[in-house]
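**Q** got a sequence here, can you build the structure:
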Amino acid sequence: MAQSQRKAVGLAQFCEGYKRVSGQVANDTENIETEQNRSNLMTKGHFITSLFLILTLSSCNLNYLDYYQHIESPDGQFYYGLYSDFSIGDPGFLVLKLDKKTNPKDLKINYSIKNGITGDDAEWIGDRTVLSNYDEAAEYCSNPKIEIIDKRFLVFSRGGYMFGLYDLKLEKDTFNNCCPWNDWASQNIWAEKGTNYKGHIPKDEKSDYGLWIEKNIHDKIKDYIANNEKNNPNR
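**A** Got it, this is the predicted structure:
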């Protein structure tokens, strides 16, 4: 799914969540008898409404990129910066290759819910992206980080698993599955047997997203690093 589509989906999810929360506020108000609690709920409802209107209708800009970390390239010529992109829905991560004139911590790309980012900014990000990754299920998103192994393998990890590898020697995103959850969901046990499947569900890669990640992404990245280390004794 393209980033622009994810933004649209994210906004739709936000709107739907807003409706659910607003409805819950109304229902709770009917069931609470004290004026103090009634006042607190109204304040909460007004806050949610105000936040939604401000984010949606205002022209103020947010920063599209949320900084996590940066490291220097082995040759000292570049930085590699890890960021999450602004998303109301699916958590997304980007690894950007930046020249040394850019301070990775101060990088700012203006974004508004109403207008998104400019075409020039989107092109700028695309030209510098070496790895990109998002998760529709918002699973295994804790502790995102990047590291360079053996001065060659730029690895992106989150949730305890390696999700992406950029080979600095080949200048190639050797492992860069932007949406692994979609791949797993298209071949899991429910996709295979139907969404109403009620049979015995064994704990394997078709029923467990984590096991699928480990076998199809994490272990393959480990093997790629190990095999290239073995074939390069003078590294």
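
**Q** report the mean confidence score over stretch 176-191.
**A** Confidence over stretch 176-191 (mean pLDDT, whole number) is 94.

**Q** can you give me the end-to-end span of that stretch?
**A** The straight-line separation of the ends of stretch 176-191 (C-alpha to C-alpha, to the nearest Å) is 24 Å.

**Q** may I see the buried residues of it?
**A** Neighbour-count burial for stretch 176-191 flags 176, 177, 178, 179, 180, 181, 184, 188, 189 (criterion: 16 or more other C-beta atoms under 10 Å). For every residue, glycine as well, the C-beta is placed using N, CA and C.

**Q** just stretch 92-99 next, same as before
**A** 92, 93, 94, 95, 96, 97, 98.

**Q** what comes into contact with that stretch?
**A** 3, 6, 65, 70, 77-85, 104, 107, 125, 128-134, 144, 146, 154, 156, 158, 164, 166 (C-beta atoms under 8 Å, 6 or more residues apart in numbering).

**Q** from residue 200, how far out is the residue nearest in space to the middle of the chain?
**A** For the chain, the residue nearest the mean C-alpha position is residue 92 (1.8 Å; C-alpha atoms, centre = their mean). Per C-beta to C-beta, to the nearest Å, residue 92 is found 35 Å from residue 200.

**Q** which element follows the helix or strand where residue 69 lies toward the C-terminus?
**A** Mapping residue 69 onto the secondary structure by DSSP states H and E places it in strand 65-72. The helix or strand immediately downstream of strand 65-72 is strand 78-85, counting by DSSP H and E.

**Q** direction included, what does that following strand pair against?
**A** As defined by DSSP bridges, the strand partners of strand 78-85 come to strand 65-72 (antiparallel), strand 92-99 (antiparallel).

**Q** by mean pLDDT, flag the weakest helix or strand of the protein.
**A** With mean pLDDT, DSSP states H and E as the measure, the helix or strand of the chain carrying the lowest mean pLDDT is helix 3-31 (a mean of 41).
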